[in-house]
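**Q** coords below, sequence missing:
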């Protein structure tokens, strides 16, 4: 279960290549990568708090903290449910940019969000899904863009774009009864991740 979303920044719009594949042997981010991420994320969070973003990324940002995103779905309200409840836990980890992994994306990619590892269990009518997702950003490219105001805005747009690949699926978990019904029937629908960017481009 590995779903990638990635971005190549050419202008203020983000052309993207998308690949299904596993991030193998992820490495801890360097100090520079952590510093860059925190600087961009702090600006993005401030904009979110002022309701300046076109779409909230609150839940996926929370999954980057020590407290993962959690959702419990009551499956007894749906006919033909296979379980009584589904419990979802999502953690997102910043990992080090890896050229060998970025090779799975378009040349010049600046970032990627991966729905990567999922532990699945069923016990006493309760299905648990524990996701560990990965976010990686190209520090060389982002560093250069941090030098001026317009570049900083581009970096914020890039990070917002990547995090939407996580947030939009979380939104479906929280709000979509049809999505919840599917997962109660053991049909995990990744469509909201928006691999073809039919939604994300309109939210930037």
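**A** Structure's in. What do you need? This one's a predicted model, so the numbers in the text were calculated from it and none came from an experiment.

**Q** Next, the buried residues of stretch 155-174.
**A** Residues of stretch 155-174 classed as buried: 155-173 (neighbour count, 16 or more other Cβ atoms under 10 Å). From N, CA and C alone the C-beta is placed, and that goes for glycine too.

**Q** and that stretch, how far out from the chain's middle?
**A** 5 Å (Cα atoms, centre = their mean, to the nearest Å).

**Q** So for it, mean pLDDT?
**A** Mean pLDDT, computed over stretch 155-174, is 95.

**Q** Per-residue pLDDT of residue 199, please?
**A** 83.

**Q** That one and residue 168 touch, don't they?
**A** Yes - using Cβ atoms under 8 Å, residue 199 is in contact with residue 168, at 6.4 Å.

**Q** Low-confidence ranges, the protein, go.
**A** 1-22, 101-108, 204 (pLDDT under 70).

**Q** if we go to 50?
**A** 1-2, 4, 8-20 (pLDDT under 50).

**Q** What's the end-to-end length of stretch 77-85?
**A** Start and end residues of stretch 77-85 are separated by 10 Å (Cα to Cα, to the nearest Å).

**Q** is the closest residue in space to residue 70 that isn't next to it in sequence in a bridge, and if so with what?
**A** Residue nearest to residue 70 in three dimensions, not counting chain neighbours: residue 89, with 5.4 Å by Cβ to Cβ, 6 or more residues apart in numbering. On the basis of DSSP bridges, residue 89 is bridged to residue 70, residue 130.

**Q** so residue 89 makes contact with residue 133?
**A** No - Residue 89 lies out of contact with residue 133 (Cβ under 8 Å); the separation is 11.1 Å.

**Q** how about stretch 187-202: buried residues?
**A** For stretch 187-202, a neighbour-count test (16+ other Cβ under 10 Å) marks 189, 192-195, 197, 200 as buried.

**Q** just how off-centre is stretch 168-185 within its chain?
**A** Distance, centroid of stretch 168-185 to centroid of chain: 16 Å (Cα atoms, centre = their mean).

**Q** How about residues contacting that stretch?
**A** Taking contacts as Cβ atoms under 8 Å, 6 or more residues apart in numbering, the residues outside stretch 168-185 that touch it are 59-60, 63, 69, 71, 73, 75, 78, 80-83, 86, 88, 90, 115, 129, 188-190, 192-194, 199-200.

**Q** Which of the helices or strands spans the spatially most central residue of the chain?
**A** Nearest to the geometric centre of the chain sits residue 166, at 2.7 Å (Cα atoms, centre = their mean). According to DSSP states H and E, residue 166 maps onto helix 149-175.

**Q** Now do the phi/psi pair for residue 132.
**A** The phi/psi pair for residue 132 (degrees, to the nearest 10) reads phi -120, psi 110.
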